[in-house]
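Enquirer: Prediction below, plus the sequence it came from.
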Amino acid sequence: MKTTAAIIIILAILLGFNSLYTVGEGQHVLVLQFGKILRADREPGLHAKVPLLQQVLTLDERVLSFDGAPQRYATSDRQSINVNYYVKWRIADAANYYRATGGDELQAGQRLSPIVSNALRDVVSVHTLEQLIASGQGDIAASALQQANAETQKTLGVSMVDVRITGIEFPDDIKAAVYKRMQTERQQQAAAIRADGRQEAEAIKADAQAQAQVIRATGESEADKVKGEGDAQAAQIYAQAYAQDPDFFAFYRSLQAYKKSFGDGRGTIILKPDSEFLRYFGNPAAAPARR
């Protein structure tokens, strides 16, 4: 009796534990009975089910990823390229996902791989090699993501989050052409930068010259003004001096003329002895009387 009671208690405890399950954050739980979906729980917390008859399948709602196998594609101009990529995805419809993959993440990756591969093939096949190089890997991946996402949501219950191309390898016979194109593009960019620099330098130089011209014109104007004022004051002083003593002023002006003519000691002037210019030479009487 004691053994039977102990067994019954143990079974009751096991059945009690088997009748409860928890849903965590970022999880989607499917309650199954004989492989069929009875309900789906996404509310975090403790939930109950019928023990033994019902099972739970916990699915991860976080973003998952897988690396696709390298694929060789042909461009519209029949050039071959090898593309490496990886995919990020998440479960969008848990019931549809379970029916398509049995809830197996590995199987989901195997189902996703050909869908993404075909989408990449379709995108690559409508572009020339030159267009693919010019547009960049981001545009190729974005187009493939849009095409693949429509199919995976319908057939797998999976939402594609991102498709990233990790590398595009070119056959040896076209690598030289690709590198040549890349070199040409960089040279064009460098030429454009140099042209912009020269244009900006010319603009700065022209602005500096304009400012210098304004400053020079302002300085010359101020100089002419000061010079004019000085000339006016000098003329006034001369006029006052002349009015006070015309003879002395004439003598002083003659001395200034002599200094200017003979100041360097090498000047030679041929004049008549009675020239007005020499009236103060050798004729004391011609000198003005001092007051």
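Expert: Ah, there it is. Residues are numbered from 1 along each chain as shown.

Enquirer: Tell me where this structure has helices.
Expert: With DSSP state H, the ranges of helices along the chain come out as 2-18, 94-101, 105-125, 129-135, 137-155, 172-244, 246-262.

Enquirer: Looks like M160 contacts N149 (just checking).
Expert: Yes. Using Cβ atoms under 8 Å, M160 is in contact with N149, at 4.0 Å. The way it works is simple: take the backbone N, C-alpha and C, and place the C-beta from them, glycine included.

Enquirer: Who has more neighbours out of those two?
Expert: M160 (25 against 20; other Cβ atoms under 10 Å).

Enquirer: how far away is the more buried one from A192?
Expert: 38 Å (Cβ to Cβ, to the nearest Å).

Enquirer: Please apply the same query to V116.
Expert: For V116 relative to A192 (Cβ to Cβ), the value is 37 Å.

Enquirer: If you count surrounding residues, which of those two has more?
Expert: Between V116 and A192, V116 has the larger neighbour count (other Cβ under 10 Å), namely 26 against 10.

Enquirer: ok, now which ones touch that one?
Expert: 68, 85, 87, 144, 148, 160, 163 (Cβ atoms under 8 Å, 6 or more residues apart in numbering).

Enquirer: Not counting its neighbours along the chain, what's nearest the fifth one?
Expert: Yep, that's A148 we're talking about. Nearest non-adjacent residue to A148, counting by Cβ to Cβ, 6 or more residues apart in numbering: A119, 4.0 Å away.

Enquirer: Any idea which helix or strand in this structure has the lowest mean pLDDT?
Expert: Evaluated with mean pLDDT, DSSP states H and E, the helix-and-strand set of the chain has its lowest mean pLDDT in helix 2-18, which scores a mean of 61.

Enquirer: Pull the distance from stretch 250-257 to the chain's centre.
Expert: 78 Å (Cα atoms, centre = their mean, to the nearest Å).

Enquirer: ok, now stretch 119-127?
Expert: On Cα atoms, centre = their mean, the centre of stretch 119-127 falls 29 Å from the chain's centre.

Enquirer: Give me the contact list for it.
Expert: Residues outside stretch 119-127 that contact it (Cβ under 8 Å, 6+ apart): 71, 73-76, 81, 83, 85, 132, 135, 140, 143-145, 147-148, 151, 163.

Enquirer: Give the bridge partners for the nearest residue to V161 once chain neighbours are set aside, please.
Expert: Closest residue to V161 apart from its sequence neighbours, by Cβ to Cβ, 6+ apart: K88 at 4.2 Å. Here K88 sits in beta bridges with S65, D162, as judged by DSSP bridges.

Enquirer: isn't K88 right next to V63, touching?
Expert: Yes. The pair K88 / V63 is scored as a contact, 5.3 Å apart, by Cβ under 8 Å.

Enquirer: what is in contact with those two at once?
Expert: What both K88 and V63 touch, as defined by Cβ under 8 Å, 6+ apart, is the set V161.

Enquirer: contacting residues around T101?
Expert: Per Cβ under 8 Å, 6+ apart, neighbours of T101: 107-108, 111, 156.

Enquirer: Now with 6 Å, please.
Expert: Going by Cβ atoms under 6 Å, 6 or more residues apart in numbering, T101 touches 107-108.

Enquirer: rewinding a little: going through the contacts of V116, which ones are buried?
Expert: Neighbour counting with 16 or more other Cβ atoms under 10 Å marks 68, 85, 87, 144, 148, 160, 163 as buried within the contacts of V116.

Enquirer: List just the nearest of those residues to A40.
Expert: A40 lies nearest to M160 out of the buried ones among the contacts of V116, by Cβ to Cβ, at 21.5 Å.
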